[in-house]
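1. what follows is a predicted structure for the sequence shown.
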Amino acid sequence: MRTVIDWLEHRTGIESAVKNFLYEDIPASAGWHQIIGSMAVFFFVIQVFTGALLAFNYAPTPGEAYNSVKYIMTEVTGGPLIRGLHHWGASMMLIIVALHMIQVFIYGAYKKPREATWMVGVTLLLITLAFGLTGYLLPWDNRAYFGTVVTTHIMSGAPIAGPYLLRLLGAQGDSVGNVTFSRFYALHTVLLPPLTIILIGIHIYLVRKHGVAPAPGDNAPKRKFFPEQVFKDTVGVAIAFIILFLMAVLAKVPLERLADPTDTAYIPRPEWYFLFLFQMLKFFKGPLETFGSVVLPGIAVLGLFLVPFIDRGPMIRLGKRTFAITFVILAAIAWTGLTTAAVITTPKNQESAEDTSPQPPAAGAQPAAWQSLKPQELAGLGHFKKEGCTGCHMGPGENGIGPDLTKIPANHRTISWLVPHFKNPSKIVPGSAMPPIDLPTADLNALSLFVLKLTPQNEAALLTAPDFVTQGATVYQANHCDSCHQIDGTGSTLAPALDGVGLRHDRAWLEKHFADPAGVTKGSIMPAYKFSAVDLDAICKYLLQLPKGA
Amino acid sequence: MDQQNPAQHAAVDVSPTRRAFYTGFINGVMGLIGLALAAPAAIYLFFPPKVRKEAEWVDTADLSTIPPGTPTEIAFNRKRVDGWKVTTEKATAWVVKQPNNDVVAFSPICTHLGCAYHWDDPSHTFICPCHTSVFSMDGKVLSGPAPRPLDRYMTKIDAGKLEIGPVEPQA
């Protein structure tokens, strides 16, 4: 072993380089408060490591990103743990970088001659935020999509630079698509990591050049970096790593539904560390909005860069830095307040966000678009949404990956063409990237019927039909209600037609009737139905909304 | 750094026992962290993903269309789970029908390094163009570097149709 090291040392000088690095003199006053920088470097290494592993199983295109992330989360052995480490590691890295900066700020360690070290550090903080921003898009689920849409909109508001920034990020119009996605991916994995490595190198070089900042009046003999300070760094790293590992094992990393630009029920929110900016924007309305979203943060960043030039006095003892400490405390209170306000004012995202009970349709009111569809077609719309069809067939005016479904060629406008195509897209259309739809044939029939109903005029309105309608129609179909009842002329006349049933009965009556039909309506031969609470809610709301027949 | 006096140049060092403790701690903890990262990474990279789909049987050709005694290449479509995607791909098999209507379907891949071999009628053998492995009509290795006979698909015959399943496991 010794001979190998000696050989390497003779040829490369590696041993003396490492020793030179480890046996640096540090001030006697150095200690626990200076371990955070090492922790930040450690977390960067973890992010690079887990990020590379994720990239081994990840497809960086909007068409496949979501499916590959789902694959990592459900099929790859150890996939959720690796993604957990990367996801929570990102949040922890940001916290650590921020704590490092706060420590340096409170101690005034940015003062002459360490101004450049500070400014490189601020750049590294911004890069960490950029990592978070670009990485947020990559799972291509709803939160990713809408989070990025909002971000690009904010950037477009930047004075002068706005349109150029927007073009640089490949955003066109109001949506985020292939080009933006690729650019975010390239930034996240190709450009930012080496840039970070270079800047960390410069940062550490500058720390070495000027030495670790001593406390004012520290004239005690210097100590060595190794082993005592390295020991302290290691304790910090170990504690943070244990927290990270526990989070990766215990806390679920969110993967929501596939990005769906037409999901009007979705409530987009940025990642937690941007929530304060999000909340602050609520205070700036109209022409002031750009001021709040771009100008003010811009001034804050500039101020951060210029801190060493604003506060130019000599280093003083920590106890006397009341202004800096007060400033940090106030900033922390403001940040916490804004973030808390954003959290408590955010309604929970639900599968069906429409919880307001619908009113029976008023006579003469404009019928909703979905009311023109029969139950089976509505059930098809339900499948259309659940299977994530809108991810590629994006609807009116949007250029999705899939073709515009309102313009299906005439020879494909039959169930006998569509159903085999759903079952095995690439067999019917060679080269099709569409995934097979794994549903029973009856459901595929319903899906076909719905797709055939789409026209450029009704598409937008149909896609925004409330979830209770499609869910209710699905329950109606699944229980074969049409074997006895009729809606809009379809079904059997054995039992009363259900058109306009909301004008005759209320919700309580319907629920009682489902539970005990003969008890509510004398002589009824309808069997009792025991639905789950969700299904009962959906079918009642759906039936109560049915328009009166023509 | 610039205003220290020369007497302080000699930095103080820790006692040997403390030094040993620190060094041991640093190496131990860093080793454990390394292990906690390397083990999940190894599992992630080397353990196969969960299987999503059981083996599938595909209808291929009508048995009557396959001439007896001559290997015939038939093509069919089958589903393949390809990472996060299920794709339909074209596959082929070399089918040999015996006079008694027994059927053998060979996987069209040479057992040496995976090239596609073909039937050479004049010599009555399967020949691989890559490293000249030669197989007999019943799949045995006649010459060349191939390490084992040709792989066979599982087959069934249902109503005069040949159905092809997954490749038979090695004996």
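-> Done, it's in.
2. in contact with A:Asp482, which residues?
-> If you count contacts by Cβ atoms under 8 Å, 6 or more residues apart in numbering or on different chains, A:Asp482 has them with A:375, A:476, A:490-492. For every residue, glycine as well, the C-beta is placed using N, CA and C.
3. select only the buried ones of those in ChimeraX?
-> The following ChimeraX line selects those of the contacts of A:Asp482 that are buried, judged by 16 or more other Cβ atoms under 10 Å in any protein chain shown:
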select /A:375,476,491
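4. neighbours around A:Gly303, how many?
-> 10 (other Cβ atoms under 10 Å in any protein chain shown).
5. on that earlier part again, which one of the contacts of A:Asp482 sits closest to B:Met30?
-> Closest to B:Met30 out of the contacts of A:Asp482 is A:Tyr476 (62.4 Å), distances taken as Cβ to Cβ.
6. which positions are bridged to B:Lys85 in the beta structure?
-> B:Asp82 (DSSP bridges).
7. my guess is it meets A:Asn67, correct?
-> Yes. Using Cβ atoms under 8 Å, B:Lys85 makes contact with A:Asn67 at a distance of 6.7 Å.
8. pull up the overlap in contacts between these two.
-> A:Pro435.
9. low pLDDT regions in the chain?
-> No chain in the question, so chain A it is. Counting by pLDDT under 70, chain A has low-confidence residues at A:173-174, A:350-367, A:394-401, A:431, A:549-550.
10. wrong chain, I was asking about chain B
-> B:1-12, B:52-55, B:170-171.
11. rerun at 50
-> B:1-9 (pLDDT under 50).
12. and it, which of its residues are near chain A?
-> B:1, B:4, B:8, B:10-14, B:18-19, B:22-23, B:25-26, B:29-30, B:32-33, B:36-37, B:40-41, B:43-45, B:47-50, B:52, B:77, B:79, B:83-88 (Cβ under 8 Å from any Cβ of the partner chain).
13. from the contacts of A:Asp482, which land in strands?
-> Using DSSP state E, the subset of these located in strands is A:490-491.
14. which one of the contacts of A:Asp482 sits closest to B:Thr125?
-> A:Pro375 (63.7 Å).
15. now the helices for chain B?
-> B:16-46 (DSSP state H).
16. what ranges does it have for its strands?
-> Applying DSSP E to chain B gives strands spanning B:58-62, B:72-82, B:85-97, B:103-106, B:118-120, B:125-127, B:134-135, B:141-143, B:152-158, B:161-167.
17. in which helix or strand would I find A:Phe468?
-> helix A:467-478 (DSSP states H and E).
18. quick one: contacts of the helix or strand following that helix?
-> As assigned by DSSP H and E, the chain's next helix or strand after helix A:467-478 is strand A:486-487. By Cβ under 8 Å, 6+ apart, the surrounding residues in contact with strand A:486-487 are A:374-375, A:476, A:492-493, A:497-499, A:546.
19. count of neighbours near A:Gly382?
-> 25.
20. most centrally placed residue in chain B?
-> Of all residues in chain B, the one closest to the mean position by Cα atoms, centre = their mean is B:Gly114, 10.3 Å from it.
21. now it: how far from B:Thr72?
-> 22 Å (Cβ to Cβ, to the nearest Å).
22. ok, A:Tyr185 next?
-> 47 Å.
23. more neighbours: which of these two?
-> Taking other Cβ under 10 Å, A:Tyr185 and B:Thr72 do not tie; A:Tyr185 has more neighbours (19 against 16).
24. what's the neighbour count on the closest residue to A:Pro308 other than its chain neighbours?
-> Closest residue in space to A:Pro308, ignoring its immediate chain neighbours: A:Glu115 at 3.9 Å, by Cβ to Cβ, 6 or more residues apart in numbering or on different chains. Applying other Cβ under 10 Å, we find 18 residues neighbouring A:Glu115.
25. correct me if wrong: A:Glu115 contacts A:Ile310.
-> No. The pair A:Glu115 / A:Ile310 is not scored as a contact, 10.9 Å apart, by Cβ under 8 Å.
26. which helix runs longest in chain A?
-> helix A:79-107.
27. any idea how many residues pack against A:Pro435?
-> A:Pro435: 18 neighbours (other Cβ under 10 Å).
28. surely it and A:Pro425 touch.
-> Yes. At 7.3 Å, A:Pro435 counts as touching A:Pro425 under the criterion of Cβ under 8 Å.
29. need the contact partners of the helix holding A:Phe468.
-> A:265, A:351-354, A:358, A:370, A:373, A:375-376, A:378-379, A:381-382, A:385, A:446, A:482, A:487, A:531, A:534-535, A:537-543, A:545.
30. how about the helices in the stretch 251-400 of chain A?
-> A:275-281, A:289-290, A:296-310, A:322-344, A:375-386 (DSSP state H, counting those that start in this stretch).
31. export the fourth one to PDB, keeping only CA atoms.
-> Written as PDB, here are the backbone C-alpha positions of helix A:322-344 (Å, rounded to 0.1, in the frame of the first residue of the first chain):
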ATOM      1  CA  THR A 322     -27.000  44.000  16.300                       C
ATOM      2  CA  PHE A 323     -28.000  45.500  13.000                       C
ATOM      3  CA  ALA A 324     -27.100  42.400  11.000                       C
ATOM      4  CA  ILE A 325     -28.800  40.100  13.500                       C
ATOM      5  CA  THR A 326     -31.900  42.200  13.600                       C
ATOM      6  CA  PHE A 327     -32.000  42.300   9.800                       C
ATOM      7  CA  VAL A 328     -31.800  38.500   9.600                       C
ATOM      8  CA  ILE A 329     -34.500  38.100  12.200                       C
ATOM      9  CA  LEU A 330     -36.800  40.500  10.400                       C
ATOM     10  CA  ALA A 331     -36.200  38.800   7.100                       C
ATOM     11  CA  ALA A 332     -36.800  35.400   8.700                       C
ATOM     12  CA  ILE A 333     -40.100  36.700  10.200                       C
ATOM     13  CA  ALA A 334     -41.200  38.200   6.900                       C
ATOM     14  CA  TRP A 335     -40.300  35.000   5.000                       C
ATOM     15  CA  THR A 336     -42.100  32.700   7.500                       C
ATOM     16  CA  GLY A 337     -45.100  35.000   7.600                       C
ATOM     17  CA  LEU A 338     -45.400  35.100   3.800                       C
ATOM     18  CA  THR A 339     -44.900  31.300   3.400                       C
ATOM     19  CA  THR A 340     -47.400  30.500   6.200                       C
ATOM     20  CA  ALA A 341     -49.900  32.800   4.600                       C
ATOM     21  CA  ALA A 342     -49.400  31.100   1.200                       C
ATOM     22  CA  VAL A 343     -49.800  27.700   2.800                       C
ATOM     23  CA  ILE A 344     -52.900  28.400   4.800                       C
END
